[in-house]
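# only geometry, no sequence info:
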Ligand SMILES: Nc1ncnc2c1ncn2[C@@H]1O[C@H](COP(=O)(O)OP(=O)(O)O)[C@@H](O)[C@H]1O
Ligand SMILES: CC(=O)N[C@@H](CCC(=O)OP(=O)(O)O)C(=O)O
């Protein structure tokens, strides 16, 4: 711990501007696509712990789509996506919750705790943190839309110095229901708004939003997003991501960025450099 504090002290001495971030809540959406090699996962955990040590209040909302798809395939359960969101049958819902709350959430928590932090994993079901309703039961099954977020659950954890790690599973208001599968991008934006975060950063497996020629778009606004969606340039998993960014900034979050989680320390580069990296979404 002492060694860690020395590193932090050096950092604070050499980069005093980091102090301006102290006290800010930053939501990091850790996409399944960015959760690749053990080395990258370890670097990610180190970055989050460093942010926490310098006084930032990081909150992680994670995905795990590829792992869900793999386990469903292994079990011979069919799965489909409509507009970038999984159609969740009752059978699939069991697997989604097992993978997100059981496997991925605990893996991230352990990885952060291995770096000396006090990370705590919850899903939206814990303490009624996230409540949802069906998006359209006949079309998407148990895929949900968030109705309420009880921000105090996570705020209390942060006040006690925990790093919250959130699996995007929501509770239903109707007793006996299995809960809802929430797209992790849309969960991250709602959580960022509810926590009055200054920033939400989406870590994924592309440098950011790419144009029709595959070139990175540095800044992107509502009009251009609609155009690119209509042209099919923004498709699949990128659709909920840009929608989530717009929802976040329209809800008062100052900045929303989509960055490449496959680059080592990308989250630090994004937060601590003036240029930033990836795509910034603006109004
Ligand atoms: N215009 C675009 N620019 C970049 N990626 C895009 C674009 N349109 C669709 N995509 C797809 O979106 C994917 C990222 O979304 P997704 O696979 O859901 O990641 P995550 O697990 O991080 O949420 C990219 O790997 C890419 O295949
Ligand atoms: C409704 C819906 O699409 N839920 C997602 C939840 C996980 C997720 O969003 O994971 P990524 O961030 O890795 O894509 C799913 O079932 O895949």
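That came through fine. Nothing here was measured: the structure is a model prediction, and the numbers come from that model. Ligands and ions are numbered 1, 2, ... in the order given.
# Only C-alpha atoms from now on, for both contacts and neighbour counts.
Will do.
# residues of stretch 83-100 that come out buried?
For stretch 83-100, the buried set under the neighbour-count rule, 16 or more other Cα atoms under 10 Å, comprises 85-90, 92-93, 95-97, 99-100.
# Quickly name whichever of those is closest to ligand 1.
Minimum separation from ligand 1 among the buried residues of stretch 83-100 (Cα to the nearest ligand atom) is found for residue 85, which lies at 8.7 Å.
# Look up the closest residue to the closest one, ignoring the ones flanking it.
Residue nearest to residue 85 in three dimensions, not counting chain neighbours: residue 183, with 6.4 Å by Cα to Cα, 6 or more residues apart in numbering.
# dump the residue contacts of the one you found.
63, 85, 86, 143, 168, 240 (Cα atoms under 8 Å, 6 or more residues apart in numbering).
# Pop out the phi and psi values for it.
Recorded main-chain torsions at residue 183 are phi -60, psi 130, according to degrees, to the nearest 10.
# what about it, distance to residue 46?
Using Cα to Cα, to the nearest Å, one gets 26 Å for the distance from residue 183 to residue 46.
# In strands only, show me the contacts of residue 183.
85, 86 (DSSP state E).
# Need the contacts of residue 183 in TSV (columns: distance to ligand 1 and pLDDT).
Listed next are the contacts of residue 183 as TSV, based on distance: Cα to the nearest ligand atom, whole Å; pLDDT from 0 to 100:
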residue	distance to ligand 1	pLDDT
63	6	98
85	9	93
86	10	97
143	15	97
168	12	98
240	8	93
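# Closest one of the contacts of residue 183 to residue 134?
Top of the list for closeness to residue 134, among the contacts of residue 183 and by Cα to Cα, is residue 143 at 6.0 Å.
# wouldn't that closest one be in contact with residue 82 here?
No: contact between residue 143 and residue 82 fails when scored by Cα atoms under 8 Å: they sit 10.8 Å apart.
# Who has more neighbours out of those two?
Neighbours were tallied for residue 143 and for residue 82 using other Cα atoms under 10 Å; the higher tally belongs to residue 143 (26 against 10).
# contacting residues for that one?
In this structure, residue 143 makes contact with 85, 86, 87, 88, 134, 135, 136, 137, 180, 181, 182, 183, judged by Cα under 8 Å, 6+ apart.
# Quickly note the distance from it to ligand 2.
Applying Cα to the nearest ligand atom, to the nearest Å, the value for residue 143 to ligand 2 is 5 Å.
# Excluding chain neighbours, what is closest to that residue?
Spatially, and ignoring its direct neighbours in sequence, residue 143 is nearest to residue 181 (4.7 Å; Cα to Cα, 6+ apart).
# Residue 95 is in contact with the one you found, correct?
No: contact status for residue 181 versus residue 95: not in contact, 10.3 Å apart, counting by Cα under 8 Å.
# Not counting residues beside it along the chain, what's closest to residue 166?
residue 61 (4.7 Å).
# Adjacent strands (with direction) for the one helix or strand the one you found maps to?
Counting by DSSP states H and E, the secondary-structure element that holds residue 61 is strand 57-62. Strand 57-62 has the following sheet partners, assigned by DSSP bridges: strand 25-30 (parallel), strand 163-167 (parallel).
# any idea which of these is most buried?
Taking mean count of other Cα atoms under 10 Å as the contact definition, the stretch among the strands paired with strand 57-62 with the greatest mean neighbour count is strand 163-167, which reaches a mean of 27.
# residues in the stretch 151-283 of the chain within reach of ligand 2, list them.
181, 182, 183, 184, 185 (Cα under 6 Å from any ligand atom).
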